[in-house]
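Asker: sequence unavailable; structure follows:
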């Protein structure tokens, strides 16, 4: 459903993505792993046009989207959950969620349908229903993450871009959120591109992964193989390297 | 017929092309970063991995040859530190030093799966008893087939090479259903069975998976008739992976190249120019997933043709014809790669100078034979028969240890080897193709 060929993205003079190619199939969870500054977030931002690509090709559901504006991309069905949640803290939980459906309001989809989506989100995250009148700023980190995901889902995306959903969260909360991500793909067929510091958890959730290094893809493999790759283990899975004779 | 990995083997060509591009770019990034040889070659041509933006751009990259492996002997072409390598194999080099190849744990896994693909397409399953008659050891043949057969759950008999009597006994007693080896060894087995009055068709054997040397359709028919089995072909070479680069489907109309792991090109061996689809030329392979030893545009020296027309089996992977020969002087004798230069080197070591010699390769009773004719001259002149015999046996021993196959050395009269433009014709291959 998504095909990316040779994209190059710059921050001013800094060449952040060098010739990145990748693809996602319908209903797949794919993860991007790599060190800080490798370009994981930049890939998400390039797909959503927050940081537009300088050249290369992004085709989503058969349509080239690399020169479209971010709002148009959301309209086509790609939503991003930004790093650090970025919820609107002075607004209530429900207002945050409704903002996620902004384009649908503008399209005059009708309150009933949006209401139904809201209910779906509350079913996915019952805690958000409990706190629907509460200000987003008063939520815990985990709840804010749920809210950020819920807000992105309110646009009914076909492809969800998830940036570090586990950042700063307790392991149990991470488990809960990952379970929801798995359910999204399983029950709703949502395709997910996941950026994660916690590479091990991400690889367990995803079917495939791309390993990035200084803006380049250096590996494309199934999750099982990436988990077995020594270099990946050492660099991203925190496995201790054994000192054996080396050339 | 079953397909082992239908997701990849039957992938729409357009999706395959995207996957190949992604994997190619990742391979180039890794090779450029980790392998000095590639970095230097790329730098010399002023190319960086980012210049490769399509599969067609591949042709801008330099070739890799066996010579590069020799220059970087033993581990110089590895893209991972040695501690990540779990297996080392080698194949014969053009001269004394062999070509060293390494595998990470993932490479071994990939290898097993690729072999499982062609075993499955030949109809081998967990119900089969697979007898492996390739030699275990430094050659990749036996281990590759072994892993693949184990992966699909077949019962593997790791017989190894030779010992024909015992092979036949085990084949009978253990009720072997699938035979793995070189096609010429299959004929050796049949000959021996017939000699001992055993009817091959009374055995459980039903399928053969042959490789390691080129063989003709004629030979296939002979094996099939005399052994009463289906004989299938597969292709591979150690430098690229070992067996598991390509294998036949039940249609037996060419071997499907596992293109999600290897990118094939056909070139004119003289000019290096890439030939249009369907033309006959030298096969060049680029690995797309190898971790320990990625190879970029490796010149296989095998002459073949690629068939892009869709296959009736449902696989979308391109097919390669049986190899038609070599674009270098390598000989395959008893499944072992032999370069005339290796023999030259031994003669040089023993004598201190390079005598005129000629290799005569023949197939007698379905067994390959190698005879080395050496012209006597002033330096190799012995009036004593004893000395002469000692010389011959010394050369024979040295050759056997270098080539891993036995051969006969024969001294001949000076100037008795015919010369073309002053140079002796080095090789006479009497085997029928």
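Answerer: All right, it came through fine. If you're wondering where the values come from, they're calculated on a predicted model, not measured in any experiment.
Asker: residues from the stretch 51-200 of chain B in reach of chain A?
Answerer: Proximity of the stretch 51-200 of chain B to chain A (Cβ under 8 Å from any Cβ of the partner chain) is limited to residues B:52-53, B:75, B:78, B:80-84, B:104-106, B:109-110. Placement of C-beta: from N, CA and C, glycine included.
Asker: cutoff 10 Å now
Answerer: By Cβ under 10 Å from any Cβ of the partner chain, the residues of the stretch 51-200 of chain B that approach chain A are B:51-54, B:57, B:74-76, B:78-86, B:104-107, B:109-110.
Asker: strands - which of those residues land there?
Answerer: B:85, B:86, B:104 (DSSP state E).
Asker: got a quick ChimeraX command for the buried subset of these?
Answerer: Listed next is the ChimeraX selection for buried residues among those, using 16 or more other Cβ atoms under 10 Å in any protein chain shown:
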select /B:85,104
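Asker: now tabulate the ones in strands among the residues of the stretch 51-200 of chain B next to chain A in CSV and tack on pLDDT.
Answerer: Below are these laid out as CSV (pLDDT from 0 to 100):
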residue, pLDDT
B:85, 96
B:86, 97
B:104, 96
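Asker: and which of the ones in strands among the residues of the stretch 51-200 of chain B next to chain A is nearest to chain A?
Answerer: residue B:104 (6.7 Å; Cβ to the nearest Cβ).
Asker: the closest one touches residue B:290, doesn't it?
Answerer: Yes - the criterion here is Cβ atoms under 10 Å, and residue B:104 meets it with residue B:290 at 8.6 Å.
Asker: joint contacts of those two?
Answerer: B:79, B:110 (Cβ atoms under 10 Å, 6 or more residues apart in numbering or on different chains).
Asker: from the middle of its chain, how far away would the helix or strand containing residue A:175 be?
Answerer: Assigned by DSSP states H and E, residue A:175 belongs to helix A:171-188. For helix A:171-188, the separation from the chain centroid amounts to 13 Å (computed by Cα atoms, centre = their mean, to the nearest Å).
Asker: cool, and stretch B:270-289?
Answerer: 17 Å.
Asker: tell me the buried residues in that stretch?
Answerer: In stretch B:270-289, counting by 16+ other Cβ under 10 Å, buried: B:274, B:275, B:281, B:282, B:283, B:284, B:285, B:286, B:287, B:288, B:289.
Asker: list the contacts for residue B:429?
Answerer: Neighbours of residue B:429 in contact, by Cβ under 10 Å, 6+ apart: B:331, B:333, B:359, B:360, B:361, B:362, B:363, B:368.
Asker: what's the pLDDT at it?
Answerer: Note for residue B:429: predicted pLDDT of 88.
Asker: compute the number of surrounding residues for residue B:172.
Answerer: Per other Cβ atoms under 10 Å in any protein chain shown, the neighbour tally for residue B:172 reads 15.
Asker: separation between the closest residue in space to residue B:315 that isn't next to it in sequence and residue B:211?
Answerer: Excluding the flanking residues, the one nearest residue B:315 by Cβ to Cβ, 6 or more residues apart in numbering or on different chains is residue B:9, at 4.7 Å. Distance of residue B:9 to residue B:211, computed by Cβ to Cβ, to the nearest Å: 19 Å.
Asker: again, but for residue B:28
Answerer: Applying Cβ to Cβ to residue B:28 and residue B:211 gives a distance of 29 Å.
Asker: same question for residue A:160.
Answerer: 46 Å.
Asker: what about the longest helix in chain B?
Answerer: For chain B, the helix with the greatest residue count under DSSP state H is helix B:13-34.
Asker: what angle do the next helix or strand along the chain from that one and helix B:13-34 make?
Answerer: Where DSSP H and E defines the elements, the next helix or strand beyond helix B:13-34 is helix B:36-44. Between helix B:36-44 and helix B:13-34, the angle comes out at 100 degrees (axes from the mean of the first three to the mean of the last three Cα atoms, to 10 degrees).
Asker: remind me which residues of chain A are low pLDDT?
Answerer: Within chain A, the segments meeting pLDDT under 70 span A:238-247.
Asker: quick one: the helices in it?
Answerer: A:40-47, A:70-76, A:93-100, A:102-106, A:111-124, A:126-130, A:141-153, A:171-188, A:199-205, A:223-228, A:230-236.
Asker: burial of residue B:296, as a residue count?
Answerer: For residue B:296, the number of neighbouring residues by other Cβ under 10 Å comes to 25.
Asker: next: the one 5 residues further on.
Answerer: Burial of residue B:301, expressed as a neighbour count using other Cβ under 10 Å, amounts to 19.
Asker: kindly report the same for residue A:90.
Answerer: By the criterion of other Cβ under 10 Å, residue A:90 has 9 neighbours.
Asker: please look at it and residue A:135 and confirm they touch.
Answerer: Yes - counting by Cβ under 10 Å, residue A:135 is a contact partner of residue A:90 at 6.4 Å.
Asker: with adjacent residues omitted, what lies nearest to residue B:373?
Answerer: residue B:358 (4.5 Å).
Asker: on that earlier part again, buried residues in the longest helix of chain B?
Answerer: Under the neighbour-count criterion of 16+ other Cβ under 10 Å, helix B:13-34 has B:15-16, B:18-32, B:34 buried.
Asker: and the gap between residue B:369 and chain A?
Answerer: Counting by Cβ to the nearest Cβ, to the nearest Å, the gap from residue B:369 to chain A is 41 Å.
Asker: the residue nearest to residue B:373: what's it in contact with?
Answerer: So residue B:358 contacts B:340, B:371-375, B:410, B:412, B:416-418, B:424-428 (Cβ under 10 Å, 6+ apart).
Asker: over to residue A:198?
Answerer: Applying Cβ under 10 Å, 6+ apart to residue A:198 gives the contacts A:31, A:33, A:164-167, A:169, A:171, A:174, A:178, A:204-205, A:236-238.
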